[in-house]
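# the following block contains a protein sequence and its predicted model.
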Amino acid sequence: MLNMDRREKIIEEIKKSNKPISASKLATMLGVSRQIIVGDVALLRASGFCIAATPRGYILDHQSQATTYTIAVKHSKDALADELYTIVDLGGSVVDVIVDHPIYGQLTGKLHLSSRYDIDQFLKKVSHEKAKPLSQLTDGLHLHTIECQNEDTYQRIIDSLHKKGYLFTK
């Protein structure tokens, strides 16, 4: 399979999937290594395709009908699951996590978490990889971009995070 044909097939598979599709799965389907897929996706991004890499795989980064908000939160590593569950249980989606690193500046990790299942998969991967959340680089202080269908949903999330002591307001 030619490089361009393979890249077209990658886009086709990502478009038709209703959930993120991993580089490993794409590699198996196309008979190449995972690293070839990662390189192809990088080239597709450079040519203008909005492909987001999530902890569960690649998705097309469509513009949502929801409104996005940026919130500042601070909590210990032990509160990570509760913070994320709070947001999705009240109707929001967690798009990303952002920290301001003293050396590298702003670091962003794409999350795309919209359900408890998504969060459970993310937490399982964090545990399996023995990875540290980005928020640990900044003593628990971080930002999230969240999506909400309306202002009421956003306000419920903010109120709940504030009551739990996670909302950073200083």
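Ah, there it is. Note that this is a predicted model, so its numbers are computed, not measured. Numbering: from 1, shown residues only.
# after the helix-or-strand element of the chain with minimal mean pLDDT, next one along is what?
Lowest mean confidence among the helices and strands of the chain (mean pLDDT, DSSP states H and E): strand 51-54, at a mean of 85. The C-terminal neighbour of strand 51-54 among helices and strands, as given by DSSP states H and E, is strand 57-60.
# give me the contact list for that next one.
14-15, 17, 19-23, 25-26, 41, 49-52, 112 (CB atoms under 8 Å, 6 or more residues apart in numbering). The way it works is simple: take the backbone N, C-alpha and C, and place the C-beta from them, glycine included.
# dump the C-alpha coordinates for stretch 34-53 into PDB.
C-alpha atoms of stretch 34-53 as PDB (Å, rounded to 0.1, in the frame of the first residue of the first chain):
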ATOM      1  CA  ARG A  34       2.500   1.500  15.200                       C
ATOM      2  CA  GLN A  35       5.300   4.000  14.700                       C
ATOM      3  CA  ILE A  36       4.400   4.300  10.900                       C
ATOM      4  CA  ILE A  37       0.800   5.200  11.900                       C
ATOM      5  CA  VAL A  38       2.100   7.800  14.400                       C
ATOM      6  CA  GLY A  39       4.200   9.300  11.700                       C
ATOM      7  CA  ASP A  40       1.300   9.200   9.200                       C
ATOM      8  CA  VAL A  41      -1.000  11.000  11.700                       C
ATOM      9  CA  ALA A  42       1.700  13.700  12.200                       C
ATOM     10  CA  LEU A  43       1.800  14.200   8.400                       C
ATOM     11  CA  LEU A  44      -2.000  14.300   8.200                       C
ATOM     12  CA  ARG A  45      -2.100  16.900  10.900                       C
ATOM     13  CA  ALA A  46       0.500  19.000   9.200                       C
ATOM     14  CA  SER A  47      -1.600  18.900   6.000                       C
ATOM     15  CA  GLY A  48      -4.600  20.300   7.800                       C
ATOM     16  CA  PHE A  49      -6.600  17.400   9.300                       C
ATOM     17  CA  CYS A  50      -7.700  18.100  12.800                       C
ATOM     18  CA  ILE A  51      -6.900  14.700  14.400                       C
ATOM     19  CA  ALA A  52      -6.800  14.700  18.200                       C
ATOM     20  CA  ALA A  53      -4.800  12.000  20.100                       C
END
